[in-house]
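Student: sharing a model prediction with you, sequence too.
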Amino acid sequence: MKKLIALFLAVFLISIVGCAPKAVQTTQKTTTTQDSSLSDEEKRRIAEEELARAERDRLLREQERLAAILKDVYFEFDSYAINSSELSKIEGVGSWMKQERGKRVTIEGHCDERGTVEYNLALGQKRAEAVKDYLSKLGIETSRVRTISYGKEAPAEPGRTEEAWAKNRRAHFKLDR
């Protein structure tokens, strides 16, 4: 019995020692082999594409940021009085313009489709001017703000419902480039 146990232990030890872990050689993948096969022209083109992609991403982020600041100001039917609920939108634009001293904006006045072309052009202009005046009271130089009226010619929402008309009675901010 002792011989059997000794034989078993010997086989066990030999199998453990014989199966010792081997050193694993790792190879490091590098892009240099890929890059070395590219011509200088291809490398330049890839770099330009990466720069263009980064610039597009930056511009998209900037547009999203500006959309959150330059919000439309809405008006009641046949009115150019600014509702108190809309003042914070103009104040947000004013704060942004104080920080961005080189920026200029255009305020577009819009109306719903009811009324004559002449009436709506005049009303749209009064709406844009009312927003400009409020910005001026906030300390924004009037030379940095242009106004224009589109009347009913550029609706934000097509349709002949009160909901559509309400979305079209607005002052819209546009950043001047």
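Tutor: Structure's in. What do you need?
Student: mind jotting down where the helices sit in the chain?
Tutor: 2-18, 32-37, 40-69, 87-99, 117-137, 162-168 (DSSP state H).
Student: how about those in JSON lines, adding mean pLDDT?
Tutor: Compiled in JSON lines, those are given as follows (pLDDT from 0 to 100):
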{"stretch": "helix 2-18", "mean pLDDT": "51"}
{"stretch": "helix 32-37", "mean pLDDT": "60"}
{"stretch": "helix 40-69", "mean pLDDT": "90"}
{"stretch": "helix 87-99", "mean pLDDT": "97"}
{"stretch": "helix 117-137", "mean pLDDT": "98"}
{"stretch": "helix 162-168", "mean pLDDT": "97"}
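Student: most tightly surrounded among those?
Tutor: Across these, averaging neighbours per residue (mean count of other C-beta atoms under 10 Å) puts helix 117-137 on top, at a mean of 19. Heads up, the C-betas are built off the backbone N, CA and C, glycines and all.
Student: what distance do you get for the spatially most central residue of the chain to D133?
Tutor: With distances taken as C-alpha atoms, centre = their mean, E64 lies nearest the centre of the chain, 2.1 Å away. Going from E64 to D133 by C-beta to C-beta, to the nearest Å gives 29 Å.
Student: try Y150
Tutor: 19 Å.
Student: residues in contact with the nearest residue to A166 once chain neighbours are set aside?
Tutor: Nearest-residue entry for A166: Y74, 6.7 Å, with adjacent residues in sequence omitted and distances by C-beta to C-beta, 6 or more residues apart in numbering. Contacts for Y74 (C-beta atoms under 8 Å, 6 or more residues apart in numbering) come out as 83, 86, 166-167, 169-170.
Student: how about those, which pair is most distant?
Tutor: N83 and K167 (14.6 Å; C-beta to C-beta).
Student: and W165, how far from V93?
Tutor: In terms of C-beta to C-beta, W165 sits 24 Å off from V93.
Student: wait, E62
Tutor: Distance from E62 to V93, by C-beta to C-beta: 16 Å.
Student: mind putting the helices of the chain into CSV with distance to P155?
Tutor: Below are those laid out as CSV (distance: least, C-beta to C-beta, whole Å):
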stretch, distance to P155
helix 2-18, 83
helix 32-37, 53
helix 40-69, 19
helix 87-99, 20
helix 117-137, 11
helix 162-168, 5
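Student: you'd agree K126 is up against C111?
Tutor: No. Contact status for K126 versus C111: not in contact, 10.0 Å apart, counting by C-beta atoms under 8 Å.
Student: from L123, how far off is V117?
Tutor: Per C-beta to C-beta, V117 is found 11 Å from L123.
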